[in-house]
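Student: Only the shape, not the letters, is given here:
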């Protein structure tokens, strides 16, 4: 019975993992999440790797950099005005948790804080 219901829903287009993955990437990227985080979230939701790989090209490198810059601009005031190296470390950690690549994070740190933070 359940298999028939699932087959019926899939036949009507209600169960479409590819469309879900595309929508997820679009919506979450718009909220400031990077490709690594998006990939992990989709994997956690059981989306096939091939569908994730097909959905992620919507997050272009230029778009990723622009979103990371915007996230950093919004986050910097909340990090305080203390030690500039500590602020840079906290911003780095925040951007990495959001799923941005190390190269993008390093560039945004140099532009935003003037510091380059090594692990």
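Tutor: Nice, I can see it. As the structure is a computational prediction, the values presented were derived from the model and not from experiment.
Student: can we go C-alpha only for contacts and neighbour counts from here?
Tutor: Noted.
Student: domain parsing for this structure?
Tutor: As given by automatic domain parsing, the domain ranges for the chain are 2-58, 61-113.
Student: who touches the residue positioned nearest the centre of the chain in this structure?
Tutor: Centroid-nearest residue in the chain, with Cα atoms, centre = their mean: residue 34, separated by 2.2 Å. Each residue near residue 34 by Cα atoms under 8 Å, 6 or more residues apart in numbering is listed here: 64, 68, 98, 99, 100, 101.
Student: if I look at it, how far off is residue 60?
Tutor: 10 Å (Cα to Cα, to the nearest Å).
Student: ok, residue 95 to residue 86 distance?
Tutor: From residue 95 to residue 86 the distance is 14 Å (Cα to Cα).
Student: More neighbours: which of these two?
Tutor: Neighbour totals were compared for residue 95 and residue 86, and residue 95 leads with 26 against 14 (other Cα atoms under 10 Å).
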